[in-house]
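*Asks:* I would like to see how this sequence folds:
(4 chains, ligands or ions: 4)
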There are 2 protein chains.
Amino acid sequence: MLQEEVSILLGQKNMSKTPCRVEVLRVLLESGSALSEPDIRSRLNGGFDRTTVYRTLRSFLDQDVIHSISLEGGTVMYAITHQKEKHAELFHSHFFCDDCSKVYCLTKPEFEPPVLPEGFKANGYDLLINGTCNNCS
Amino acid sequence: MLQEEVSILLGQKNMSKTPCRVEVLRVLLESGSALSEPDIRSRLNGGFDRTTVYRTLRSFLDQDVIHSISLEGGTVMYAITHQKEKHAELFHSHFFCDDCSKVYCLTKPEFEPPVLPEGFKANGYDLLINGTCNNCS
DNA sequence: CGTATGTTTGCAACATTGTTGCAGAATAAA
DNA sequence: TTTATTCTGCAACAATGTTGCAAACATACG
Ligand SMILES: [Mn+2]
Ligand SMILES: [Mn+2]
Ligand SMILES: [Zn+2]
Ligand SMILES: [Zn+2]
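*Replies:* Numbering: from 1, shown residues only, chains lettered A, B, ... in the order given. Ligands and ions are numbered 1, 2, ... in the order given. Next up is the predicted model:
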């Protein structure tokens, strides 16, 4: 179940199974949605230092185990990168619920960016839709 | 020309014409694209304090004279809200040039957000396209 | 004019998010 | 066991942004 999934995620990326890494992954997997660093740290069993958590997040980001979502206002949320459909996950949009403030990864819809002015070439995008979520309507 | 435009922007919002406000608007109007607070402050004539600039930006944000664009990585850019087409300006996308790092406001295309999962209702969005700009291709 | 009131500014202090240097603890390799 | 590598905690720092306070400035009113 959970322990399994953590081991798989770390194994796939050849990352050693350190206590902090295991805990951060557990918290993110259990939560299901994106969390900020303070969110994550407050849920860790074992009381890790802020620095250690940031270093763990950094290695996960470098290895694409997680990705970050920057909200307006500066808050940064971290979420597991589910690799079931590898390419689909690299480009995907996010949803912010104005009600419960949860952030969801939207993997389903292949959204097509708008037409750009003459001379502009798109390379990627970053879309955050806000509104009311599943759970709050 | 420029002095005129500054006066009009401040007058429309019933804001007094203080030295710092005039300077910040001048810099933003002259630049044409979005700028960060350090960018702005380094171009001000008169050497204003960091705090004063932030307070000026805050009042401009509150009055919708400017709007902010949060880039991935945390940098926040500030740009004039052109009110020629009032409603069109409130919802618009932005373009980040991977080459010259300039940020452009995209007012033209009415982009349609992707279909959301059952139970999700969209209220707005925040789209940042990246690629190569006009000037760098 | 002088005085009272309100606004702008600068400075110091603080909060938050994130990174880096360094040394000790824990793991893994030899 | 000894050695080498990796994690972790602590302190320090940087960047962005906010707040409290007092001096400077502008406005209004007598
Ligand atoms: Mn995501
Ligand atoms: Mn804009
Ligand atoms: Zn919700
Ligand atoms: Zn460019």
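
*Asks:* pretty sure residue A:103 is touching residue A:79, no?
*Replies:* Yes: using CB atoms under 8 Å, residue A:103 makes contact with residue A:79 at a distance of 7.1 Å. Just so you know, the C-beta spots here come from the backbone N, C-alpha and C atoms, and that holds for glycine as well.

*Asks:* so what sits against both of those two?
*Replies:* Common neighbours of residue A:103 and residue A:79 are listed as A:33-34, A:69 (criterion: CB atoms under 8 Å, 6 or more residues apart in numbering or on different chains).

*Asks:* quick one on the thing from earlier: quick one: which of residue A:103 and residue A:79 has more around it?
*Replies:* For residue A:103 versus residue A:79, neighbours defined as other CB atoms under 10 Å in any protein chain shown are more numerous around residue A:103 (22 against 19).

*Asks:* partners of that one in the sheet?
*Replies:* Beta bridges link residue A:103 to residue A:96 when assigned by DSSP bridges.

*Asks:* got a list of what it touches?
*Replies:* Residue A:103 neighbours (CB under 8 Å, 6+ apart): A:33-34, A:69, A:71, A:77, A:79, A:94-97.

*Asks:* partners of the lengthiest strand in chain A, with directions?
*Replies:* Among the segments of chain A that qualify as a strand by DSSP state E, the longest is strand A:121-132. Strand A:121-132 pairs in its sheet with strand A:93-97 (parallel), strand B:121-132 (antiparallel), by DSSP bridges.

*Asks:* so that strand, near ligand 4 or not?
*Replies:* No: if you take CB under 5 Å from the ion as the test, strand A:121-132 misses ligand 4, and the best it gets is 10.2 Å.

*Asks:* right, is that strand up against ligand 3?
*Replies:* No: Strand A:121-132 stays out of contact with ligand 3 when judged by CB under 5 Å from the ion, the minimum separation being 6.3 Å.

*Asks:* do that strand and ligand 1 meet at all?
*Replies:* No: Strand A:121-132 does not reach ligand 1 (CB under 5 Å from the ion); its nearest approach is 10.2 Å.

*Asks:* ligand 4 versus the spatially most central residue of chain A, what's the distance?
*Replies:* By CA atoms, centre = their mean, chain A has its centre lying nearest to residue A:79, at 1.7 Å. Distance, residue A:79 to ligand 4, by CB to the ion, to the nearest Å: 30 Å.

*Asks:* need the contact list for the residue of chain A found nearest ligand 1.
*Replies:* Closest contact between chain A and ligand 1, by CB to the ion, is at residue A:105 (3.2 Å). When contacts are counted by CB under 8 Å, 6+ apart, residue A:105 touches A:34, A:79, A:82, A:92, A:94.

*Asks:* neighbour-wise, which of those leads?
*Replies:* residue A:34 leads the contacts of residue A:105 on contacts (other CB under 10 Å) with 25 neighbours.

*Asks:* just to check, that one is in contact with residue A:71?
*Replies:* No: if you go by CB under 8 Å, residue A:34 and residue A:71 don't touch, sitting 9.4 Å apart.

*Asks:* show me which residues of chain A sit near DNA strand C.
*Replies:* Selection of chain A residues close to DNA strand C by CB under 7 Å from any atom of the strand yields A:16, A:36-38, A:50-51, A:54-55, A:57-58, A:68, A:74-76.

*Asks:* could I get those as CSV with neighbour count and pLDDT?
*Replies:* Below are these laid out as CSV (neighbours: other CB atoms under 10 Å in any protein chain shown; pLDDT from 0 to 100):
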residue, neighbour count, pLDDT
A:16, 7, 96
A:36, 16, 98
A:37, 18, 98
A:38, 11, 98
A:50, 10, 98
A:51, 8, 98
A:54, 11, 98
A:55, 14, 98
A:57, 21, 98
A:58, 11, 98
A:68, 17, 96
A:74, 11, 93
A:75, 18, 96
A:76, 16, 98
